[in-house]
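Colleague: Just need the structure, nothing else, for what follows:
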Amino acid sequence: MSLKEGSLRTQIFGCIKKGGKTATLKSTRPIYRLAAETDKKMTGQISTRPNVAYAIHRYTMGDMNRNSNLYIEAARVLHDIYEKKGSIKTCVHRSSYQEKQMLTALVSQTLRFAKVLETVVKRTKLLENNRLLWNDGMLARVLLYDFMIGPGLYKPGRLKVVMVKNKEIITSEFDRLLTAYGVNECSELPSSTTEALPRYVRVNLIKTSVDEVINSFVDKGWTLLHVPTDFSSFKEVCQNLDENQFLRDFHLDDLLVFPAHTDFHDSRLVQDGRVILQDKASCLPAHILSPPEGAVVVDSCAAPGNKTSHMASLMGNKGTIYAFDHKEDRIEVLQERMEGAGVSCKVARCMDFLRVKTDSQTYRDVEYVMVDPSCSGSGIVSRLDSLTNDDASVSQHRLGQLHKLQAQILRHAFSFPKVKKIVYSTCSINEEENEQVCEEIYEKFKERFKIKKVMKNWPERGREGYQKSDRYLRASPTATLTNGFFVACFKRRKMKQEVGSMESGMDQEEVSSEDDQGSQKQNGMDDEEKEGSKKRKKRKEKQSSEEGGEELMEINEKKEKKKKSKKRKRDMYEEETPVKRKEEDKGKEKEEEEEKEEEVLERSVKKRKERTSKSSHCSDTNDIRDKSEKMDAEESIASVGTENSTAEKHKKKKKRSKD
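Modeller: Numbers count the residues shown, from 1 in each chain. Alright, predicted model coming up:
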């Protein structure tokens, strides 16, 4: 019945009547609404439109108001996947079917054997001869998989009639395929995906340790293998793992490797949150960012939360992680996962990261940022994109839109005033989403940030033809036995201000160095500083002897006297206020740690000072003599005062001893 032959309501009543049921206006209202929405986009017979066919079929089976049929829901999920409405997990999550794990398994396996199942459906003409299938190829595929390849039909309802009625035709067709491919079992028929990755298990350091988890698996009968010294041998071992064999990962300390297709969903370790099922490539960003304990971190696109919980695990659950996502349902999923993992240092916020005011008081101490934006997901093997992709899904227009969004999010991460380190990652293999994004952003911030080369023993780097290709990190099923992935690390450059001041002129540098020397004299000198001062003194004496100036020798002698008097003052100060002295020493230690990082630039400054001092030393002898005489006079007055104070103290001590 075409749309022109009657109204939507008439067609719906006619289809339901064919299914052996009667209908009322009230009971068919949901079907009518769905058909009305579909009518705007599609033409032709109403029974050929999948969504309306689902609704009518559920009505005839009495499932409109209770949990639907497994195979009808699996067919609906497959339609959503092929229409690019989401990944397997997303579409299954939207389904009303309660047994999510069973539904996910059926959909995934149907996709894996899609070519074989499609061939059988066409040759047996199931859609033409069976009205209960409602001309839905996806519904026929899921039924065929469970009937011939899978564990058998599970509560199929009236759909069982289709399989039983056509059992001989279906069996004979599968026998032809077995003979053609030279295999004995239907499960051995060629699947659409041949890559089988190892099962990676990440240890949640918040709740347990790696050794405890290993001991737990060993107690259950697993055998721990030795980790090879080179990565090629490690790959070979991972690809040939037997049942009940596992080993630690070659690169990441908190990761364990198990045989492919190992199912841990029912394991108590997983249910308790002590271990988390996570691909190795997805663990790389947190390890590369490596925020320390107590750090303030931002996860710009946090949901579903595996990377967030991983950072919290590496931080010892100490510090603050601001986790952002703009969808409430995804934030709810993140909250559930954080509770299961025992993460308490996160602050989940449902808002768009691009609207975050990075200069506000709340985020003033942010030093580490994780950027894992939305991407095409072309690197994930389990998504089976090669089976569902078409020309529109991988078009340059779509990649251009993703590139623009990813660049905006990464650019916004650089606006935090104190940010030190930014890690950018995607689960895509497209250059438009990876190298091109990083190169574009680096050109804008290269004066303040650099792209750091991380994990130098990693086997795969960025694509050739880019400025920083050797510093990017890529992962793939063939090279690293992981999903396809991309990671780049941006790190803030050091000592940029001092470089600018050094280039501008030496006058400002000399003033700053004299101030630093004065502060060092007031706080005291350590052993290393004393040795440095002695070397400088010898250097000056050599210069003066070479020049042959007696006046310079006198100046040096006066300086030695001045240092001795200041040393006496320092000794007296230490005797009177030891507590205050300790506090100053602590502050000085902190300053020294900062100065160590600036050692390279300081050396260059000192060399330039020495060159200028040699040329101007002789001309400035008169000024130096006047300054030294004034300082000697002041020191003599101060020394007399100190001697008088010490004499008075000795007199007081003698009187106390006599008393």
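Colleague: Can you list phi and psi of residue 490 for me?
Modeller: Dihedral angles phi and psi of residue 490 (degrees, to the nearest 10) take the values phi -100, psi 130.
Colleague: Might you report the residue contacts of it?
Modeller: By CB atoms under 8 Å, 6 or more residues apart in numbering, residue 490 lies in contact with 414, 421, 422, 423, 424, 441, 442, 445, 449, 450, 451, 452. Quick note: C-beta positions are derived from backbone N, CA and C, even for glycine.
Colleague: swap in residue 277?
Modeller: 199, 200, 201, 202, 264, 265, 270.
Colleague: Give me the subset of those that lies in strands.
Modeller: Residues of the contacts of residue 277 located in strands (DSSP state E): 199, 200, 201, 202.
Colleague: just curious, which of these is nearest to residue 326?
Modeller: Ranked by distance to residue 326 (CB to CB), these are led by residue 202 at 26.5 Å.
Colleague: What residues are bridge-paired with that closest one?
Modeller: Beta-bridge pairing for residue 202 (DSSP bridges): residue 255, residue 276.
Colleague: My read is that it contacts residue 273, right?
Modeller: No: Residue 202 lies out of contact with residue 273 (CB atoms under 8 Å); the separation is 11.2 Å.
Colleague: More neighbours: which of those two?
Modeller: More crowded of residue 202 and residue 273, by other CB atoms under 10 Å: residue 202, with 25 against 19.
Colleague: burial measure for residue 457, as a count.
Modeller: Residue 457 - counted by other CB under 10 Å - has 8 other residues nearby.
Colleague: do residue 72 as well
Modeller: 24.
Colleague: Quick one: mean pLDDT over the helix or strand hosting it.
Modeller: If you go by DSSP states H and E, residue 72 is part of helix 70-82. The average pLDDT within helix 70-82 is 83.
Colleague: Mind listing what's buried along whichever helix or strand comes after that helix?
Modeller: Going down the chain from helix 70-82, the next helix or strand is helix 88-94, by DSSP H and E. For helix 88-94, the neighbour count (16 or more other CB atoms under 10 Å) marks 88, 91, 92 as buried.
Colleague: Which of the residues you listed scores worst on pLDDT?
Modeller: Model confidence across the buried residues of helix 88-94 bottoms out at residue 88, which has 75.
Colleague: Could you check how far that residue is from residue 72?
Modeller: In this view, residue 88 and residue 72 are 17 Å apart by CB to CB, to the nearest Å.
Colleague: got the contact list for stretch 233-243?
Modeller: 198, 225, 227, 228, 247, 250, 257, 258, 259, 260, 481.
Colleague: Of these, just the buried ones, ChimeraX syntax please.
Modeller: In ChimeraX, this line selects whichever of those come out buried by 16+ other CB under 10 Å:
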select :198,247,250,257,258,259,481
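Colleague: mind listing which of the contacts of stretch 233-243 are in helices?
Modeller: Residues from the contacts of stretch 233-243 lying in helices, with DSSP state H as the criterion: none.
Colleague: quick check, nearest of the contacts of stretch 233-243 to residue 367?
Modeller: residue 250 (29.5 Å).
Colleague: Look up phi and psi at residue 135.
Modeller: phi 60, psi 30.
Colleague: shouldn't it be in contact with residue 125?
Modeller: No: counting by CB under 8 Å, residue 135 stays clear of residue 125, with 11.6 Å between them.
Colleague: more crowded one of the two?
Modeller: residue 135 (17 against 11).
Colleague: How much space separates that one from residue 129?
Modeller: Applying CB to CB to residue 135 and residue 129 gives a distance of 11 Å.
Colleague: just residue 470 next, same as before
Modeller: Residue 470 is 61 Å from residue 129, where distance means CB to CB.
Colleague: what residue ranges in the protein are flagged as low confidence?
Modeller: 1-68, 181-183, 188, 190-195, 381-395, 495-556, 558-559, 561-562, 566-659 (pLDDT under 70).
Colleague: For it, just list every one of the strands.
Modeller: Counting by DSSP E, the strands of the chain are 199-203, 223-224, 245-248, 255-258, 275-277, 296-299, 320-325, 346-350, 368-371, 421-426, 449-452, 473-475, 485-492.
Colleague: Including distance to residue 380, could those go into CSV?
Modeller: Output for these, formatted as CSV (distance: least, CB to CB, whole Å):
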stretch, distance to residue 380
strand 199-203, 14
strand 223-224, 29
strand 245-248, 23
strand 255-258, 18
strand 275-277, 14
strand 296-299, 20
strand 320-325, 19
strand 346-350, 24
strand 368-371, 18
strand 421-426, 11
strand 449-452, 25
strand 473-475, 11
strand 485-492, 9
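Colleague: Looking at those strands, spot the one closest to residue 337.
Modeller: Among the strands of the chain, strand 275-277 sits nearest to residue 337 (CB to CB), with 8.6 Å.
Colleague: Spatially nearest residue to residue 258 (excluding sequence neighbours)?
Modeller: Nearest non-adjacent residue to residue 258, counting by CB to CB, 6 or more residues apart in numbering: residue 199, 4.2 Å away.
Colleague: so how many other residues sit close to the one you found?
Modeller: Residue 199: 18 surrounding residues under other CB under 10 Å.
Colleague: Next: residue 379.
Modeller: As a burial measure, residue 379 scores 25 neighbours (other CB under 10 Å).
Colleague: Tell me which residues touch the closest residue to it other than its chain neighbours, please.
Modeller: Distance criterion CB to CB, 6+ apart; nearest residue to residue 379, sequence neighbours excluded, is residue 484 at 2.2 Å. The neighbourhood of residue 484, defined by CB under 8 Å, 6+ apart, consists of 281, 378, 379, 380, 381, 427, 428, 429, 474, 475, 476, 477.
Colleague: Could you rerun that using 6 Å?
Modeller: By CB atoms under 6 Å, 6 or more residues apart in numbering, the contact list for residue 484 reads 379, 429, 476.
Colleague: Would you format these as CSV with distance to residue 150 included?
Modeller: Formatted as CSV, those follow (distance: CB to CB, whole Å):
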residue, distance to residue 150
379, 28
429, 31
476, 30
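Colleague: ok so, going back, format the contacts of residue 490 as CSV; extra columns: distance to residue 489.
Modeller: Shown next, in CSV, are the contacts of residue 490 (distance: CB to CB, whole Å):
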residue, distance to residue 489
414, 13
421, 7
422, 7
423, 5
424, 8
441, 13
442, 11
445, 13
449, 10
450, 9
451, 7
452, 5
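Colleague: Selection in ChimeraX covering whichever of those residues are buried, please.
Modeller: In ChimeraX, this line selects whichever of these come out buried by 16+ other CB under 10 Å:
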select :414,421,422,423,424,441,442,445,449,450,451
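Colleague: Out of the contacts of residue 490, which comes closest to residue 360?
Modeller: Using CB to CB, these come closest to residue 360 at residue 414, 16.0 Å.
Colleague: Could you pull up phi and psi at the closest one?
Modeller: Taking degrees, to the nearest 10 as the convention, residue 414 sits at phi -80, psi -10.
Colleague: Tell me the spacing between it and residue 119.
Modeller: 53 Å.
Colleague: Please apply the same query to residue 429.
Modeller: Where residue 119 is concerned, residue 429 sits at a distance of 29 Å (CB to CB).
Colleague: And those two? Which one has more around it.
Modeller: Set side by side, residue 429 and residue 119 show more neighbours around residue 429, with 21 against 13, by other CB under 10 Å.
Colleague: In this structure the more buried one contacts residue 379, no?
Modeller: Yes: the pair residue 429 / residue 379 is scored as a contact, 4.6 Å apart, by CB atoms under 6 Å.
Colleague: mind listing the helices for the stretch 51-200 of the chain?
Modeller: Assigned by DSSP state H, counting those that start in this stretch, the stretch 51-200 of the chain shows helices spanning 70-82, 88-94, 100-112, 114-124, 126-129, 137-144, 160-165, 167-181.
Colleague: actually the stretch 251-400 of the chain, sorry about that
Modeller: Secondary structure of the stretch 251-400 of the chain (DSSP H, counting those that start in this stretch): helices at 268-271, 280-289, 306-314, 328-341, 385-388, 396-413.
Colleague: Perfect, I'm done here.
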